[in-house]
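*Asks:* this one's structure only:
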């Protein structure tokens, strides 16, 4: 068997093993579940603003994010998040719940390899790149504004 | 207080952003980590060119709850920092603004990882 033929067979095998994303329905699920998560955030924000007179919209937005982060890590701990994520796809990944899950999920998974080098270090396996790229981009933006502001 | 039209916009815009990501996942088989990185950087960019505030005015949590909002907060912090305290603000601003979210995600992940055990995968 030559190399090309072997590679082609292997690729076909891999293709057959990859979980299939059903194109159209998954799009609808992502839309609806993503939308619902955003509405949940908005509800938390508006409820807090209605209860606490002194709270600023900015603080309320932060609380909405933290509320969803709490919910997502709790559901990850309970093992329910993966079931929702399997249906919703990007609907749970793109909202802040996905960021929370990306930290909680490896933390849970690698706990058996120890607290420090398992749980704590693997926590940032996905969130690390997100924070690194975001921070670097924000430094660049800040520097540009600093230079523009100097003139 | 609870403006129904706003809620409709939040749902539609939030859903739209997620379905754009879903299209990317279907078409390019891009991993979810790359999706998150991509959307954070888009958020930083949109804040840098000054359009993000208009998006928030239109759909509020529809754009801030998606990870775009995380990028927006990073850039907003760095820009405010640059304007208020100069070079040091460029470095301190971004993470100061996002500290709540990061600390919450780390803290809750730690807590729940201690409390719960990973569920064994059914199909392994």
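*Replies:* Done, it's in. Just so we're clear, the structure is a prediction, and the values are computed from it rather than from any experiment. Numbers count the residues shown, from 1 in each chain, chains lettered A, B, ... in the order given.

*Asks:* going forward, measure contacts and count neighbours with C-alpha atoms only.
*Replies:* Noted.

*Asks:* ok, then the element right after the helix ranked longest in chain A?
*Replies:* The single longest helix within chain A, with elements called by DSSP state H, is helix A:23-51. For helix A:23-51, the following helix or strand on the C-terminal side (DSSP states H and E) is helix A:57-78.

*Asks:* next, see if that next one gets close to chain B.
*Replies:* Yes. Judged by CA under 8 Å from any CA of the partner chain, helix A:57-78 comes into contact with chain B through A:61, A:62, A:65, A:66, A:69, A:70, A:73, A:74, A:77, A:78.

*Asks:* buried sites along the next helix or strand after that helix?
*Replies:* Beyond helix A:57-78 in the direction of the C-terminus, DSSP H and E gives the next helix or strand as helix A:81-88. Buried residues in helix A:81-88, counting neighbours by 16 or more other CA atoms under 10 Å in any protein chain shown, are found at A:81, A:82, A:85, A:87, A:88.

*Asks:* switch these over to CSV; also include pLDDT and distance to chain B.
*Replies:* Formatted as CSV, the buried residues of helix A:81-88 follow (pLDDT from 0 to 100; distance: CA to the nearest CA, whole Å):
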residue, pLDDT, distance to chain B
A:81, 94, 11
A:82, 91, 10
A:85, 91, 11
A:87, 91, 11
A:88, 91, 9
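
*Asks:* distance between the ends of stretch A:92-99?
*Replies:* Terminal residues of stretch A:92-99 lie 9 Å apart, using CA to CA, to the nearest Å.

*Asks:* and chain B, is that stretch touching that?
*Replies:* Yes. Against chain B, stretch A:92-99 shows contacts by CA under 8 Å from any CA at A:93, A:94, A:95, A:96, A:99.

*Asks:* so who does the residue nearest to the spatial centre of chain B touch?
*Replies:* Averaging the C-alpha coordinates of chain B gives a centre point, and the residue nearest to it by CA atoms, centre = their mean is residue B:67 (2.1 Å). Residue B:67 sits next to A:94, A:95, A:96, A:99, B:36, B:39, B:40, B:43 when contact means CA atoms under 8 Å, 6 or more residues apart in numbering or on different chains.

*Asks:* cool, thanks, signing off.
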